[in-house]
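Asker: please work out how this folds:
(8 chains)
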Protein chains: 8
Amino acid sequence: MKLKQNQKLLFIGDSITDCERVKPEGEGLFNALGKGYVSYIDGLLQAVYPELGIRVVNKGISGNTVRDLKNRWQEDVLEQKPDWLVIMIGINDVWRQFDTPFIKEGHVYLDEYGDTLRKLVTETKAHVNDIVLMTPFYIENNEQDHMRNMMDQYGLVVKAVAEETNCLFVNTQEAFQVVLKELYPAALAWDRVHPSAAGHMVLTRAFLKAIDFDWNQH
Amino acid sequence: MKLKQNQKLLFIGDSITDCERVKPEGEGLFNALGKGYVSYIDGLLQAVYPELGIRVVNKGISGNTVRDLKNRWQEDVLEQKPDWLVIMIGINDVWRQFDTPFIKEGHVYLDEYGDTLRKLVTETKAHVNDIVLMTPFYIENNEQDHMRNMMDQYGLVVKAVAEETNCLFVNTQEAFQVVLKELYPAALAWDRVHPSAAGHMVLTRAFLKAIDFDWNQH
Amino acid sequence: MKLKQNQKLLFIGDSITDCERVKPEGEGLFNALGKGYVSYIDGLLQAVYPELGIRVVNKGISGNTVRDLKNRWQEDVLEQKPDWLVIMIGINDVWRQFDTPFIKEGHVYLDEYGDTLRKLVTETKAHVNDIVLMTPFYIENNEQDHMRNMMDQYGLVVKAVAEETNCLFVNTQEAFQVVLKELYPAALAWDRVHPSAAGHMVLTRAFLKAIDFDWNQH
Amino acid sequence: MKLKQNQKLLFIGDSITDCERVKPEGEGLFNALGKGYVSYIDGLLQAVYPELGIRVVNKGISGNTVRDLKNRWQEDVLEQKPDWLVIMIGINDVWRQFDTPFIKEGHVYLDEYGDTLRKLVTETKAHVNDIVLMTPFYIENNEQDHMRNMMDQYGLVVKAVAEETNCLFVNTQEAFQVVLKELYPAALAWDRVHPSAAGHMVLTRAFLKAIDFDWNQH
Amino acid sequence: MKLKQNQKLLFIGDSITDCERVKPEGEGLFNALGKGYVSYIDGLLQAVYPELGIRVVNKGISGNTVRDLKNRWQEDVLEQKPDWLVIMIGINDVWRQFDTPFIKEGHVYLDEYGDTLRKLVTETKAHVNDIVLMTPFYIENNEQDHMRNMMDQYGLVVKAVAEETNCLFVNTQEAFQVVLKELYPAALAWDRVHPSAAGHMVLTRAFLKAIDFDWNQH
Amino acid sequence: MKLKQNQKLLFIGDSITDCERVKPEGEGLFNALGKGYVSYIDGLLQAVYPELGIRVVNKGISGNTVRDLKNRWQEDVLEQKPDWLVIMIGINDVWRQFDTPFIKEGHVYLDEYGDTLRKLVTETKAHVNDIVLMTPFYIENNEQDHMRNMMDQYGLVVKAVAEETNCLFVNTQEAFQVVLKELYPAALAWDRVHPSAAGHMVLTRAFLKAIDFDWNQH
Amino acid sequence: MKLKQNQKLLFIGDSITDCERVKPEGEGLFNALGKGYVSYIDGLLQAVYPELGIRVVNKGISGNTVRDLKNRWQEDVLEQKPDWLVIMIGINDVWRQFDTPFIKEGHVYLDEYGDTLRKLVTETKAHVNDIVLMTPFYIENNEQDHMRNMMDQYGLVVKAVAEETNCLFVNTQEAFQVVLKELYPAALAWDRVHPSAAGHMVLTRAFLKAIDFDWNQH
Amino acid sequence: MKLKQNQKLLFIGDSITDCERVKPEGEGLFNALGKGYVSYIDGLLQAVYPELGIRVVNKGISGNTVRDLKNRWQEDVLEQKPDWLVIMIGINDVWRQFDTPFIKEGHVYLDEYGDTLRKLVTETKAHVNDIVLMTPFYIENNEQDHMRNMMDQYGLVVKAVAEETNCLFVNTQEAFQVVLKELYPAALAWDRVHPSAAGHMVLTRAFLKAIDFDWNQH
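Answerer: Below is the predicted model of the structure:
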């Protein structure tokens, strides 16, 4: 298990991370962590490693792109002084190019995406214990699908940044593919983006594997 | 893994099981399984064993005692024809004796509890593949606490019934005790009964261990 | 223009037809026809052919399959005594096989779909002026996509029934394909099923062409 | 078709234009364009000319007169940098003289109306590709009706401004008259102002004819 | 003053009478009489003739035609045993012919209107002290307007029935015409049917004059 | 009739005047004048003297004392430039001394009441055509009742100010007494302060008599 | 203390008793006893005599007269099998004669009141341990006030019935008079009927004195 | 009785004091004092000592610790100029250490608690007649329970401060223990913190005893 006693673990991202978390805090009782994978991870960390006393904070905001993360980075990441930082961003950066193709100022193209992500990670790396970079994903089997194809390219950028900066890397698309061999996308997400409980469990397990969480301890 | 291809797994119980599930169906899309351990189990089964195609149904109803289960057994269990049946009942049977001590017709004492549970299990055993009996629990460390003490006795009855009828048995109280060594009850449940996400993960893991679920498969 | 003076035109179908229509009437003032293609068609008929006095009735109900139509056929079609009947059904018949694959009693397979549709059309044909059969559709470009592929098969059944029974036929999938050459599915429908205004205009135009509506009259 | 590839088409006006559009943006998914003629026009442009990629923006605000447009012109028109601008204003300028005759500061008389409209059009003409001027209207057959009569005079001013400034002109009153020969005003609008779906289709068709939209293309 | 000590005065009609009255009673405290002319009349009777102790009951129901009155006559009129009965009906009988011209089963034509009204009045006359017949009205100045013209014919039928049966008669259209000489219809009713406070005062005064109410008593 | 062509009549006061009027305007369509005596007066002025074109404005605010009026006098009276001003204030000045006797900073005693009212009237008299001063009232028959007794003293101050400044005077308490001879207070107001429709008609008639309104004109 | 170990104490009455209790049960957790004197009495009994285990049930229903109690006596009193019964009724029996004087079928006059109350008490006396009769009250100092005067007469009837049947008697009017010497009615109840917390404490103390409750025990 | 004529009694604390009081005032009619012990005390003071005219103010705010009290002390205590001040604080100071153990900045440890409380009391003592210090409490019988044990230590600090500063002292934990001998915690508070009516009566009686309130006066 990579997390150590009393560390603070902060997640930042878009609606997949947000999931109706309490704002602005993003931590505390009564579903303050939302209903998605962040809450599941927090629940499993407390249930399986209660002795570690890991503090989980959710700073996801629906609709965010990497450009939005940049604008709130100082307040929502640096000032929070996390020990571990988890970033999953990029779905809206891609999606807006497909669902509102004519509103171009809402699109974040690959160059801006990569540059911004790299800059945020680089300038934060020294202040935290470690950073986990999770790829964006698209719950679609067909790799030739235009949006899936572009999402894969954004995922490759995440992978590249993780390697350059020596961060932990989680390939969420790959994790979903295991399930998509058996289930049609509509069974996991009504819009191929916002996952059901099963989809959030896919994310949960992908993250926990990356930090060497042991389901069978105790 | 004890569950087989295309089996139907039905949970019945009280508010811990219910967790705002959709009524009357208790299955389907859009959080139809509620927000608690049943939804977590369903999510993990689909995420980790998508090839099995397990169908999960939630028939929990808030406030129920074993007496209420008896009254809706025909409709909510037998007519559903599940392959696997999971029963977690008894918290309200005990709780009403403590929170409304003067309203005695709402109390279900140990004898009635045991007799009713045994009867339901016995008459159903032949119609299903298997039954999992989960004890009721009370998120309180002090074994001398009156309500904890009584809950433990109800748990012993569940264990006895499981042994007599050769059902799978899950000791939820024991599962909670691992966490209660580290965390005060208020961190897991505001009223020592209704668990947080962490508490539902405790239940989830306890159940999944009983059916030989393998977190690391795939 | 195929519709004649004072004829009654009744639409029956699922949520695409329903679109928040007023129930049970499905006609009248104040958005009684809902917000979708039925309302658009009614608006265009009144705007362009006010002298015809066409009466439009919407009997769509969200979530319906052809099995549900059969159950309410007497009340919602035959007793309404329409002059023209328009049927667009089948999306849920297919969708349930993909989004809730384990709940098999909700699936309507191709045989039942075709038999039921043929029977309803056959027994109604004599009581109305004419019937328009519109295919179900799936807003997805990839013909190898499993759900698109199955939807196409259901569409072929509709076409066959139309030919056998000599009904007017509208290929809605084909109509969508013209737009899908230019726009990604997410721009037309968040779930590839429930269309935006543009999608409803595609349906509107496909239907109106079938009845020889002339946009340029007056 | 007068609109060209990737042009931005901005509508400004009163409640007829507004129709519950999302504010302040007036564009995007999920009915951001409202429920009226702007949404219909956007739907038809995407459905029939998807290859053009026309971007439609709705800046209507309920209750506005030309005086209100002047006050928000910089922000809601000039800064939006549209390629095409469509203005339909004047109904409230007239209506307030009839429904609240004693509150005179709410009335915008013909001189102010004409001067303001002319000034707005003149100073904007150079910054856009073209401007479409739509007359206000009153859904009343009787030309001697006081309010209809005054509305016709405001319409003549719009026509004059269009001619002076060489803008496209749409006579909405004339378009409604075709339908009013057949239908009583109450069938088109409960208050002779806010149209039903049929009334919005009248506006839609009148506008689309002015820009040489071809219903039958594709 | 025609009303005598302790008499019960019952109003029946459509939405003009209803005005959000409490149902089913239509009398009592806290705006049980609604917000329209019935409430005004009750207020003035109590304010000016408190010594009479007149009991006012409102049995108006929105959307009613004379056909609806017939269906609830036994329960809402005869069983109430009023001393005075006031009937104002016919607006919807006419309006439906104009706002939903194609839904013909909702139209109540002149013959049915007259026959039904005459029958209700005739069979009730003997059981009450007296009946007041108020004409329906349409807040439109132009007598050639189709709907105004038809409403006048229905009013003539009311007058005829009043004369045949020797009932008190109130010409509400005539009462409105005094005000319509000065004010445009939109100042009195947004849809030419549902009056503002001023319109309800017109009805109030017209009724009170008919029963010889003296504003200046006390 | 004392009011002349096109005059503006402004009412200011407490909750009896307010009656859910629209804020901040206090005039316009759709019940902007509230549901009380101001709306009734406006309705009767339009119904009986439509040719005068009187503009009525309601600036009552619930809970106000004369101290509150002073604070908003510039904005809500002087800047409105009314031709006629009607003031009815004082009920809360007295009531707070009885219902919350221990919260003394909320009490406005007789001296402050009289001085403030006199000052407001004096400094406004020259800017308006005329001022009507209406006494506060208490719907209680027993003159020895402590609160009734004090209210009478506040009423005497209003009368004195009216005489000193030569304003029109309306004795609302006296007007209520006529009705209170016949009806118990609970029939007119649940709390002896907020009147039913009958009570508002008492106020309406008392005011209209003071300005020589003629019920029988036309 | 007159109440003994484990006795059941049932209150029946009108809105003063009801106070938003949970229906139909009228007992249990989460304010099931409402917010008035019944809840206060229950709270004090548990707080001061927890060893007695008194079970309190609230069967008050807003608006009830003694005639309504008679209609639900079997279900709400006899079938509940209380040990102690407390009845406080009569306020609405009197009030309706004053606030809706013309609706005479809602009035319960003194004879019917006395006869009904006597009959209910007499037929119930043998089935319970004891009955407490509480007078209705009116929070008004002036004994000559018509409604206060009549309420006093109803109170005398209650006293007479208590004496005849040998029940415990509580004079609530007398209890309020102690406070009314110091506070004006409006400080205790906005409508002289529905008491503030202070008023409910008056009722609480009057009842508890009658059963020899000792504030200072423990 | 320690309270004297016309004194102002101010309560400050956390949610136990707050109980949905009206903010910001915390006094006045219509449940402005909330639904808890402050309202009960106010009711009893008015009911039993109406001649004293005690003014009660509630300044409790849910979730507050002593650190929060310090931040609003100037505005909510000193500027209110109370004659008597009652402080009950500390539950959240302790609770946060148990229910959110990892969010350490929300914990107020014993030293800070004692120092802050002492400072607030010391600097306020001279400005008021007297101060009553009430201990925080935890409705749990087991003195070895970690949270009960810590709460007892905070209570000892309150006692020490009361002795040092010569304030009145109320041991609420001791008061609850009398009841807890008979009733299980769940009967008094669902979370061992927020009391039922019975629990609030325990607090009420404990406070009133400290100020020599005499239940039997009058």
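Asker: what angle separates whichever helix or strand residue A:47 is part of from helix B:37-48?
Answerer: In this assignment (DSSP states H and E), residue A:47 forms part of helix A:37-48. Angle, helix A:37-48 to helix B:37-48, by axes from the mean of the first three to the mean of the last three Cα atoms, to 10 degrees: 100 degrees.
Asker: other residues contacting helix A:37-48?
Answerer: A:3, A:9, A:11, A:16-17, A:19, A:21, A:31, A:33, A:52, A:54, A:56, A:58, A:60, A:200-201, A:203-204, A:207-208, A:213-215, A:217-218, B:40, B:43, B:179, B:183, B:187-188, B:196-202, B:205 (Cβ atoms under 8 Å, 6 or more residues apart in numbering or on different chains). Quick note: C-beta positions are derived from backbone N, CA and C, even for glycine.
Asker: list the buried ones in the helix or strand hosting residue A:95?
Answerer: Assigned by DSSP H and E, residue A:95 belongs to helix A:91-99. Buried residues in helix A:91-99, counted by 16 or more other Cβ atoms under 10 Å in any protein chain shown: A:91-99.
Asker: mind listing the helices for chain A?
Answerer: A:15-18, A:37-48, A:66-76, A:91-99, A:110-125, A:146-165, A:172-180, A:197-210 (DSSP state H).
Asker: which strands or helices does the fifth one pack on?
Answerer: Taking 3 or more Cβ pairs under 8 Å, 6 or more residues apart in numbering or on different chains; DSSP states H and E as the contact definition, the neighbouring helices and strands of helix A:110-125 are helix A:66-76, strand A:84-88, strand A:130-134, helix A:146-165.
Asker: and if you look at the shortest one?
Answerer: Helix A:15-18 sits against helix A:37-48, with contacts defined as 3+ Cβ pairs under 8 Å, 6+ apart.
Asker: go again with 10 Å.
Answerer: strand A:8-13, helix A:37-48, strand A:84-88, helix A:91-99, helix A:197-210 (3 or more Cβ pairs under 10 Å, 6 or more residues apart in numbering or on different chains; DSSP states H and E).
Asker: surely residue A:11 and residue A:133 touch.
Answerer: No - here residue A:11 does not reach residue A:133: they are 12.0 Å apart, not a contact under Cβ atoms under 10 Å.
Asker: neighbour count winner among these two?
Answerer: Ranked by neighbour count (other Cβ atoms under 10 Å in any protein chain shown), residue A:11 and residue A:133 place residue A:11 first, with 29 against 26.
Asker: list the contacts of that one.
Answerer: A:17-18, A:21, A:26, A:33-34, A:36-38, A:41-42, A:56-60, A:82, A:84-88, A:132, A:134, A:207 (Cβ atoms under 10 Å, 6 or more residues apart in numbering or on different chains).
Asker: can you check residue A:54 too?
Answerer: Residue A:54 neighbours (Cβ under 10 Å, 6+ apart): A:1, A:3-9, A:41-42, A:45-46, A:83-84, H:102.
Asker: format the buried residues of helix A:91-99 as a markdown table; extra columns: distance to residue C:120.
Answerer: A markdown table is the format used below for these (distance: Cβ to Cβ, whole Å):
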| residue | distance to residue C:120 |
| --- | --- |
| A:91 | 43 |
| A:92 | 44 |
| A:93 | 48 |
| A:94 | 44 |
| A:95 | 40 |
| A:96 | 43 |
| A:97 | 43 |
| A:98 | 38 |
| A:99 | 37 |
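Asker: now, the most widely separated pair of these?
Answerer: With distances taken as Cβ to Cβ, the most widely separated pair in the buried residues of helix A:91-99 is A:93 and A:99, at 12.3 Å.
Asker: give me the common contacts of the two.
Answerer: Contacts common to residue A:93 and residue A:99, judged by Cβ under 10 Å, 6+ apart, are residue A:106.
Asker: which residues does the most centrally placed residue in chain A bridge with?
Answerer: Closest to where the C-alpha atoms of chain A average out (Cα atoms, centre = their mean) is residue A:88, at 2.6 Å. Counting by DSSP bridges, residue A:88 forms beta bridges with residue A:13, residue A:134.
Asker: can you give me the pLDDT of it?
Answerer: pLDDT, residue A:88: 98.
Asker: got a list of what the closest residue to chain G within chain A touches?
Answerer: Closest contact between chain A and chain G, by Cβ to the nearest Cβ, is at residue A:30 (17.7 Å). Applying Cβ under 10 Å, 6+ apart, one finds that residue A:30 lies in contact with A:22, B:190, B:196.
Asker: how close does it sit to residue A:22?
Answerer: Counting by Cβ to Cβ, to the nearest Å, the separation of residue A:30 from residue A:22 is 8 Å.
Asker: and residue A:133, by the same measure?
Answerer: 25 Å.
Asker: just residue A:77 next, same as before
Answerer: 18 Å.
Asker: residue A:14 now?
Answerer: 17 Å.
Asker: which one of the two has more residues nearby?
Answerer: Neighbour totals were compared for residue A:14 and residue A:22, and residue A:14 leads with 24 against 15 (other Cβ under 10 Å).
Asker: and that one, what is it in contact with?
Answerer: Contacts of residue A:14 (Cβ under 10 Å, 6+ apart): A:60-66, A:68-69, A:88-93, A:95, A:136, A:193.
Asker: quick one, what contacts the nearest residue to residue A:83 once chain neighbours are set aside?
Answerer: Among residues not flanking residue A:83 along the chain, residue A:7 sits closest, at 3.9 Å (Cβ to Cβ, 6 or more residues apart in numbering or on different chains). Residue A:7 is in contact with A:52-56, A:82-84, A:128-130, H:102, counting by Cβ under 10 Å, 6+ apart.
Asker: please see if the helix holding residue A:95 touches chain C.
Answerer: Yes - counting by Cβ under 10 Å from any Cβ of the partner chain, chain C has neighbours in helix A:91-99: A:95-99.
Asker: ok, of those, which one's closest to residue D:154?
Answerer: residue A:99 (39.9 Å).
Asker: what subset of the contacts of helix A:37-48 is buried?
Answerer: Buried, going by 16+ other Cβ under 10 Å: A:3, A:9, A:11, A:16-17, A:19, A:21, A:33, A:52, A:54, A:56, A:58, A:60, A:200-201, A:203-204, A:207-208, A:213, A:215, B:40, B:43, B:179, B:183, B:187-188, B:196-202, B:205, out of those.
Asker: OK, contacts around residue A:65?
Answerer: A:14, A:89-96, A:106-108, A:112-113, A:116.
Asker: what residues does chain A put near chain C?
Answerer: So chain A meets chain C at A:95-102, A:140-142, A:144-147, A:182-194, A:196 (Cβ under 10 Å from any Cβ).
Asker: on that earlier part again, from the helices and strands packed on helix A:110-125, which stretch is densest packed?
Answerer: The highest mean neighbour count among these, using mean count of other Cβ atoms under 10 Å in any protein chain shown, belongs to strand A:84-88: a mean of 25.
Asker: since that was my last question, I'll sign off now.
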